[in-house]
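> Sequence first, then the predicted structure, then my questions.
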Amino acid sequence: MTANIPGQVQDAVDQYMELYQVSKQLDERMSALRKVIEPFMRDNEISAIRDRNRTGKVQLNVQERARMTARYTTYEVEQLSKLLEPHLIQRCLVEVVDKDKVEALSKLGELPADVIDYRTTSPTYSLTVRFEK
């Protein structure tokens, strides 16, 4: 059964679909341009480049993020222990460092301040457009 769609709503849906396709094309073009801009800025240690019209700039933002994984959060150990033999459970378990506890104890002064230096991180990059006011 097809609902009776008012013309105004159908027009809005049609326009939305058109704009959606245009936005996807623009995203693809911007992604291709980013593949040119970002490596150049990283390799040359440039934090911002202005456009020729001086209306704004593209800014490279770098953020160090802790390497994290959800690899160890998929299964409940207690439930698996009921199903698997002890030697198999031991083969599935690994020891990991609780990042939140290390950082909390460091903030409380219970761990040396330089313990944070041992955190593994990887940089993530983002481009931001800033317009002149």
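Sure thing, it's come through.

> make it CA atoms for all contacts and neighbour counts henceforth
Fine.

> Any stretches of the protein with poor pLDDT?
Regions of the chain meeting the criterion pLDDT under 70 cover residues 1, 66-74.

> quick check: longest helix of this protein.
helix 7-43 (DSSP state H).

> Give me the buried stretch members for that helix, please.
38, 41 (16 or more other C-alpha atoms under 10 Å).

> Over to stretch 108-121?
When neighbours are counted by 16+ other C-alpha under 10 Å, no buried residue of stretch 108-121 is found.

> what's the longest helix of the chain packed up against?
Judged by 3 or more C-alpha pairs under 8 Å, 6 or more residues apart in numbering; DSSP states H and E, helix 7-43 is in contact with no other helix or strand.

> which is the next helix or strand following that helix?
As assigned by DSSP states H and E, the chain's next helix or strand after helix 7-43 is strand 48-50.

> chain center to that following strand, what's the gap?
23 Å (C-alpha atoms, centre = their mean, to the nearest Å).

> what's the answer for stretch 14-28, then?
The answer for stretch 14-28 is 23 Å, by C-alpha atoms, centre = their mean.

> Residue 48 and residue 57: what is the separation?
Using C-alpha to C-alpha, to the nearest Å, we find residue 48 at a distance of 6 Å from residue 57.

> just residue 20 next, same as before
Counting by C-alpha to C-alpha - residue 20 and residue 57 are separated by 26 Å.

> and what of residue 9?
Residue 9 is 39 Å from residue 57, by C-alpha to C-alpha.

> Kindly report the same for residue 3.
48 Å.

> Which one's more surrounded, these two?
residue 57 (18 against 5; other C-alpha atoms under 10 Å).
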